[in-house]
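K.L.:
generate coordinates for the sequence data below:
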Amino acid sequence: MTRVSSLREGPVGSGMHVGEGVLTAGGGRATAPCFTGRLPDCREDLADVGATAFYRDVHPAAHYWPLQLVATGILLAVAALLAYAAFRVVRGTTGTARG
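P.N.:
Reported below is the predicted structural model:
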């Protein structure tokens with residue numbers, strides 16, 4: 001989710017922080033030209049970039065476990081494919097025992 005706030009407020013939004021910056025008059029995104037926690041010190045820098053508002057992209061806290069489960073599933077699938085490939089390679093390079 002993207003939270004948009006005014007230049008007076010600074011970036012707002014809680015959750016898993018994904019990215020933040022400033023919005024320009026044309027609707028484009030740019031990185032903030034200064035540390036956003038000290039807004040009075042960087043108002044001129046924001047004006048130079050043409051900033052009209054701050055944005056912050058966050059995942060809500062409710063997304064935490066679904067994201068963890070998807071990532072775990074992907075890693076388990078990759079591990080299973082690698083194990084299968086390793087067994088196939090070993091099986092193809094070793095001879096069978098004859099008694």
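K.L.:
going forward, measure contacts and count neighbours with C-alpha atoms only.
P.N.:
Fine.
K.L.:
pop out the phi and psi values for Gly21.
P.N.:
phi 170, psi -150 (degrees, to the nearest 10).
K.L.:
and it, how far is that from Leu69?
P.N.:
Remark: distance between Gly21 and Leu69 (Cα to Cα, to the nearest Å) = 29 Å.
K.L.:
looking at these two, which is more packed in?
P.N.:
The neighbour comparison of Gly21 against Leu69 (other Cα atoms under 10 Å) goes to Gly21, with 21 against 11.
K.L.:
can you give me the domain assignment for this protein?
P.N.:
Domains of the chain are assigned by automatic domain parsing as 2-59, 63-93.
K.L.:
now for Gly10, how many residues are close by?
P.N.:
Residues lying near Gly10 (other Cα under 10 Å) number 18.
K.L.:
centroid residue for the chain?
P.N.:
Val18 (4.4 Å; Cα atoms, centre = their mean).
K.L.:
the helices in this structure, which residues?
P.N.:
Taking DSSP state H to define them, one finds helices in the chain at 43-49, 64-93.
K.L.:
lowest-scoring secondary structure element of the chain by mean pLDDT?
P.N.:
helix 43-49 (a mean of 70; mean pLDDT, DSSP states H and E).
K.L.:
how near is the residue nearest to Thr31 when sequence neighbours are not counted to Ser6?
P.N.:
The shortest distance from Thr31 to any non-neighbouring residue, by Cα to Cα, 6 or more residues apart in numbering, is to Gly21 (4.4 Å). Using Cα to Cα, Gly21 is found at 12 Å from Ser6.
K.L.:
quick check: neighbours shared by those two?
P.N.:
Phe54 (Cα atoms under 8 Å, 6 or more residues apart in numbering).
K.L.:
residue ranges with poor pLDDT in the chain?
P.N.:
Residues of the chain meeting the criterion pLDDT under 70: 33-44, 95-99.
K.L.:
cutoff 90 now
P.N.:
1-64, 90-99 (pLDDT under 90).
K.L.:
include distance to Gly10 when you put the helices of the chain into CSV, please.
P.N.:
Converted to CSV, those look like this (distance: least, Cα to Cα, whole Å):
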stretch, distance to Gly10
helix 43-49, 11
helix 64-93, 25
